[in-house]
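> Sequence first, predicted coordinates after that:
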Amino acid sequence: MNTILNLGSLGASTGILAAGLIFAYGVWLGRRDTGWRAAQGVLGAVVLGSVLPFLLIQFAPALLSYDSRNLTSLFLLTILNIVGVLVAFLPWLVAGNWLELLRREGPST
């Protein structure tokens, strides 16, 4: 099994885009420090989303010996795919939370 950390995926690319946009929005509002913390939070979510599948695979050894006739393997593989899709949206959820915080604070005067 290939265990190379893939930061070139679409989820990671859009997460990095979200981090840049939230930082730019913070700078535009005059809240550079809050924008920087927001970008770090989004990038942390990108890293978590990239590493989490490798952590989950250790708890599901049945996936390493995948057998299509075994119902348990199919169930674990389905759960792993669902969790992977949910984790792909985590950076955008974090960015949306920070966006609301920046909008509530408003521009600095």
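Noted; the coordinates are in hand.

> Residue ranges in this protein under the pLDDT threshold?
For the chain, applying pLDDT under 70 flags the ranges 1-11, 53, 56-57, 59-68, 109.

> all helices of it, in order?
Secondary structure of the chain, counting by DSSP state H: helices at 10-28, 32-58, 71-88, 90-105.

> Tabulate the ones you listed (JSON lines), appending mean neighbour count.
No exception for glycine: its C-beta is placed from N, CA and C like everyone else's. Listed next are those as JSON lines, based on neighbours: other C-beta atoms under 10 Å:
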{"stretch": "helix 10-28", "mean neighbour count": "18"}
{"stretch": "helix 32-58", "mean neighbour count": "17"}
{"stretch": "helix 71-88", "mean neighbour count": "13"}
{"stretch": "helix 90-105", "mean neighbour count": "16"}
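
> I'd assumed Trp36 was in contact with Ala24.
No. If you go by C-beta atoms under 8 Å, Ala24 and Trp36 don't touch, sitting 11.0 Å apart.

> List the contacts of the closest residue to Leu48 other than its chain neighbours.
Among residues not flanking Leu48 along the chain, Leu90 sits closest, at 6.8 Å (C-beta to C-beta, 6 or more residues apart in numbering). The contact partners of Leu90, by C-beta atoms under 8 Å, 6 or more residues apart in numbering, come to 45, 48-49.

> Any chance of JSON lines for these, columns distance to Thr14?
Below are the contacts of Leu90 laid out as JSON lines (distance: C-beta to C-beta, whole Å):
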{"residue": "Ala45", "distance to Thr14": "11"}
{"residue": "Leu48", "distance to Thr14": "15"}
{"residue": "Gly49", "distance to Thr14": "11"}
